[in-house]
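S.K.: model the structure of this input:
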Amino acid sequence: MKKHFFLSLFTALCLTTAQAQEQNWTWGGPLDPVQAAFDVKHYTLRLTVSPEEQKIGGSADAVVELVAPTDKIRLNLIDAYKVSGVKVDGRKATYTRATDLLDVQLKKTYQPGQRLTVTVDYAGTPPEAVNPPWQGGFTFTKDGNGKHWIGLSSQNEGAKIFMPCKDHPSDEPDEGVEQFISVPAPYQVAANGLLVSEKKKGNLITYHWKTNYTINNYGINFTVGDFEITRRDYTTVEGNTVPMVIYLLKQNAAKAPELMNILEISLKTQEKYFGEYPFQKEKVGIVETPYLGMEHQTINAYGNKFRFTTVGDAPYDHLLHHELGHEWWGNKVSVKDWADFWIQEGLTTYGDWLFVEEHAGHEAYLRHVKLIAKNIPNRNPIIMRENDVDSDEAYHGEIYSKGAYIMHSLRYMLGDEVFFRTLKKFILDPAYTYKNQVKTADLQEFFTKETGRDIKPFFNLYLRTTEVPEVVIEQKSGNSYTIRIPNINFTLPMEVRIDSGTQRLDLSNKPVEVTSKTAPVVDEKGWYLKNVVAGESTL
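M.R.: Below is the predicted model of the structure:
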């Protein structure tokens, strides 16, 4: 999710209302032992959305496969919805409700490898978003023409606010999601994947959307509105054709050509560094939403109000580019525990920085990064705990900026050729993509194996502490200086400028001697977050 306005938004979040406190749903954390017994394979959602009444109702199927013996299936569904019936493989089943939970009693104990389908009929008034997308829910509003416009955001709350599901980041439906969303004519529904059909019955139109890929829970989404749809084919870096589809309110339809051009430039830039668009069997989708944005798979939410800028000579929309970047980091590569959320946000933010380098040049990139460094508070470790972190705990501004800065530093450590080759190789490896979710250790070990350099101490310093290298420069005599970093137990390469030029030195807790008529300047270009105890520094 976009974080360019983090400081002001953080202030807004602190002003929590009573309504917000009542709706403080999270997901993740320790996996419920009952839910650990099964793996979700597929969801089917059949919902009718009533804009006037601001209600939803219908049914949902969860296809699950057992990984341990169990006689119970536990799903998450908030208490705002009344459950009117549950079936298992088409037969009525006994169920009980507890706070935001639905327990389905099976007629026998199922064994590992067996599959079953749980169907839940439910309806109710969905929670209204307090401050979307940070405090999510449904947003029922109207456009400038007085037409209904409905958005859904659930990154912090999880999918249980609109559908029964196993609401834990470690379990994504491997075989995708189908959505049958019915709305009054003439409204349209933009959702994940491919549009299979539109069927009108009476005053209702049912839109059938289907995904071909694994999808995370908060990425499951639909938006309702009176849209103008613009399409254009895009040829990927691998030569495949994928449709770009933009849903804009009719009042903003004239903005579509410019937004489409910006989208294509962003696609090409992301592909250069991270490989082919990950969902080329479906679409590149953008839908205008009544909130700022979110990385819903193949249908990114866009609410930046067409605030276009330029970077170098390239037209640019920072929110569009960021949310698009999540198709690689967040949707193709996704974490199994919110402890590692920085991978999704930090790598996506680094992709934002690379847009600056690609279109404005390397020096502009370095200036951009140095400005950001000044606003990284470094108050919290990025990884506060290795496992069982929930969405509230994981979410703070430094997973964006400091997470990206770690990649910036790693780039200098390894050199451009090795860094970019290794990063692209990681995101193209099936062992770390789609249904194969990742932890920080996976990224760390991959880089170590591919480069021959142990980056664990570097990751430990910057991810698991708030410490930064304390660079100590001491003048021993006239032209003799030593440089050391006493608070690290590994080696960091840094640029050191002396009177005769700039050289790359391996610095550690052992003093390195240099001779210079002027005081050495360490890491002048700002490749690292650090403190310089003596001497000059730009950071």
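S.K.: quick check, residue 228 in a strand?
M.R.: Yes: if the criterion is DSSP: H, G, I helix; E, B strand; the rest coil, then residue 228 is within a strand.
S.K.: and the closest residue to residue 503 other than its chain neighbours, how close does it get to residue 458?
M.R.: In space, and not counting its chain neighbours, residue 503 is closest to residue 496: 5.9 Å by CB to CB, 6 or more residues apart in numbering. C-beta: built from backbone N, CA, C; applies to glycine. Separation of residue 496 from residue 458 (CB to CB, to the nearest Å): 19 Å.
S.K.: more neighbours: the two, which one.
M.R.: More crowded of residue 496 and residue 458, by other CB atoms under 10 Å: residue 496, with 24 against 21.
S.K.: can you pull the contacts of the residue nearest to residue 503?
M.R.: The contact partners of residue 496, by CB atoms under 8 Å, 6 or more residues apart in numbering, come to 483, 502, 503, 504, 505, 514, 520, 521, 522, 523.
S.K.: residues contacting the fifth one?
M.R.: The neighbourhood of residue 505, defined by CB under 8 Å, 6+ apart, consists of 483, 493, 494, 495, 496, 512, 514.
S.K.: any chance of those in a markdown table, plus secondary structure and pLDDT?
M.R.: Shown next, in a markdown table, are those (DSSP: H, G, I helix; E, B strand; the rest coil; pLDDT from 0 to 100):
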| residue | secondary structure | pLDDT |
| --- | --- | --- |
| 483 | strand | 98 |
| 493 | strand | 98 |
| 494 | strand | 98 |
| 495 | strand | 98 |
| 496 | strand | 98 |
| 512 | strand | 98 |
| 514 | strand | 97 |
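S.K.: farthest-apart pair in those, please.
M.R.: The largest separation in the contacts of residue 505, counting by CB to CB, is between 493 and 514 at 14.5 Å.
S.K.: stretch 313-324: end-to-end distance?
M.R.: Terminal residues of stretch 313-324 are spaced 20 Å apart (CA to CA, to the nearest Å).
S.K.: in it, what counts as buried?
M.R.: By neighbour count on 16 or more other CB atoms under 10 Å, the buried set for stretch 313-324 is 314, 316, 317, 318, 319, 320, 321, 322, 323, 324.
S.K.: can you map out the helices along this protein?
M.R.: 6-14, 18-22, 256-274, 318-325, 341-360, 362-373, 391-394, 398-414, 416-427, 440-451, 456-464 (DSSP state H).
S.K.: I'd like the average pLDDT over the third one.
M.R.: Per-residue pLDDT values across helix 256-274 average out to 99.
S.K.: how about residues contacting it?
M.R.: Residues from elsewhere that reach helix 256-274, judged by CB under 8 Å, 6+ apart: 228, 230, 232, 234, 236-237, 244, 246, 248, 277, 284, 286, 302, 306, 308, 314-317, 320-321, 324-325, 327-329, 351, 354-355, 358-359, 420, 423-424, 427.
S.K.: how far does it sit from its chain's centre?
M.R.: Centre-to-centre, helix 256-274 and its host chain are 18 Å apart (CA atoms, centre = their mean, to the nearest Å).
S.K.: could you do the longest one as well?
M.R.: When distances are taken as CA atoms, centre = their mean, helix 341-360 is centred 12 Å away from the chain's centroid.
S.K.: quick check: domain ranges of this protein?
M.R.: What automatic domain parsing lists as the domains of the chain is 338-464, 470-532.
S.K.: which of those domains is buried the deepest?
M.R.: Highest mean neighbour count among the domains of the chain (mean count of other CB atoms under 10 Å): domain 338-464, with a mean of 18.
S.K.: pull up the distance across that domain, start to finish.
M.R.: Distance across domain 338-464, first residue to last, is 14 Å (CA to CA).
S.K.: that domain - what's its average pLDDT?
M.R.: The average pLDDT within domain 338-464 is 98.
S.K.: taking the centroid of this protein, which residue is nearest it?
M.R.: Central residue of the chain (CA atoms, centre = their mean): residue 330, 4.0 Å from the mean position.
S.K.: where does the protein have low pLDDT?
M.R.: 1-23, 535-539 (pLDDT under 70).
S.K.: residue 508 and residue 483 touch, don't they?
M.R.: No: applying CB atoms under 8 Å as the test, residue 508 and residue 483 come out as separate, 9.9 Å apart.
S.K.: that older thread, export the helices of the chain to CSV and tack on distance to residue 195?
M.R.: Below are the helices of the chain laid out as CSV (distance: least, CB to CB, whole Å):
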stretch, distance to residue 195
helix 6-14, 33
helix 18-22, 35
helix 256-274, 18
helix 318-325, 20
helix 341-360, 26
helix 362-373, 38
helix 391-394, 30
helix 398-414, 33
helix 416-427, 28
helix 440-451, 34
helix 456-464, 41
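S.K.: between the ones you listed, which one is closest to residue 37.
M.R.: In terms of CB to CB, the element of those nearest to residue 37 is helix 391-394, at 22.9 Å.
S.K.: so what touches the closest one?
M.R.: Outside helix 391-394, the residues that touch it by CB under 8 Å, 6+ apart are 24, 26-28, 155-158, 338-339, 341, 384-385.
S.K.: let's see 7 Å
M.R.: 26, 27, 28, 156, 338, 339, 341, 384 (CB atoms under 7 Å, 6 or more residues apart in numbering).
S.K.: what residues are up against the fifth one?
M.R.: With contacts defined as CB under 7 Å, 6+ apart, residue 338 is in contact with 28, 169, 389, 390, 391, 393, 394.
S.K.: could you rerun that using 6 Å?
M.R.: 28, 389, 391, 394 (CB atoms under 6 Å, 6 or more residues apart in numbering).
S.K.: excluding chain neighbours, give the residue nearest to it in space.
M.R.: Residue 338 sits nearest to residue 394 (CB to CB, 6+ apart), 3.7 Å away.
S.K.: how much space between that neighbour and residue 216?
M.R.: Taking CB to CB, one finds residue 394 at 14 Å from residue 216.
S.K.: now distance to residue 415 too, for the contacts of helix 391-394, in TSV please.
M.R.: Below are the contacts of helix 391-394 laid out as TSV (distance: CB to CB, whole Å):
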residue	distance to residue 415
26	40
27	39
28	36
156	38
338	32
339	29
341	28
384	31
